[in-house]
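S.K.: Predicted model follows, preceded by the sequence.
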Amino acid sequence: QVQLVESGGGLVESGGSLRLSCAASGRIVSIRAMGWYRQAPGMQRELVADITSANFANYADSVMGRFTISRDNAKNTVYLQMNSLKPEDTAIYYCNALIEDSKSWPAAEHYWGQGTQVTVSS
């Protein structure tokens, strides 16, 4: 029904930058919110940032001031600009979206991307 496809991960040195993208496609009626989570080895998945359809953004304390989330509603795409990266930002980053699709409408369901690896070397 709905797919989320992420791109933009990779290897970067400490202090560097990366930009993640996540595009949603399929039988989408409306996207209520989009966000990014991450999971480091041996750790639980945690929220990094999310953004509503009205562009209200929320950030984890650990990334506040370094990461910026944005979305293009016309393209059903969310971005995560990551600056001043630290080794502790190393994780698999997952896109998440709360979507009203043609099957669930008027209710919404959470969808997840496949994940993209971000590695920050010290």
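M.R.: Happy to help now that I have it. In this text the structure is predicted, and so the values were computed from the model without any measurement. Residues are numbered from 1 along each chain as shown.
S.K.: From now on I want contacts and neighbour counts done on CA atoms only, so please keep to that.
M.R.: Will do.
S.K.: Need the residues that contact whatever helix or strand I92 lives in.
M.R.: According to DSSP states H and E, I92 maps onto strand 91-101. For strand 91-101, the external contacting residues (C-alpha atoms under 8 Å, 6 or more residues apart in numbering) are 1-2, 4, 6, 22, 27-41, 106-119.
S.K.: Mark which of those are part of strands, please.
M.R.: Under the assignment DSSP state E, the contacts of strand 91-101 contribute 2, 4, 6, 22, 28-39, 109-112, 116-119 to strands.
S.K.: just to revisit the earlier point, mind listing the strands the strand holding I92 pairs with, and their directions?
M.R.: According to DSSP bridges, strand 91-101 forms sheet pairs with strand 28-39 (antiparallel), strand 109-112 (antiparallel), strand 116-121 (antiparallel).
S.K.: Please identify which of these is closest to Y79.
M.R.: Closest approach to Y79 among these is made by strand 28-39 (8.7 Å; C-alpha to C-alpha).
S.K.: for the chain, which spans come out with low pLDDT?
M.R.: Nowhere does the chain drop to pLDDT under 70.
S.K.: Spatially central, which residue of it would that be?
M.R.: In the chain, the centroid-proximal residue (C-alpha atoms, centre = their mean) is W36; its distance is 2.6 Å.
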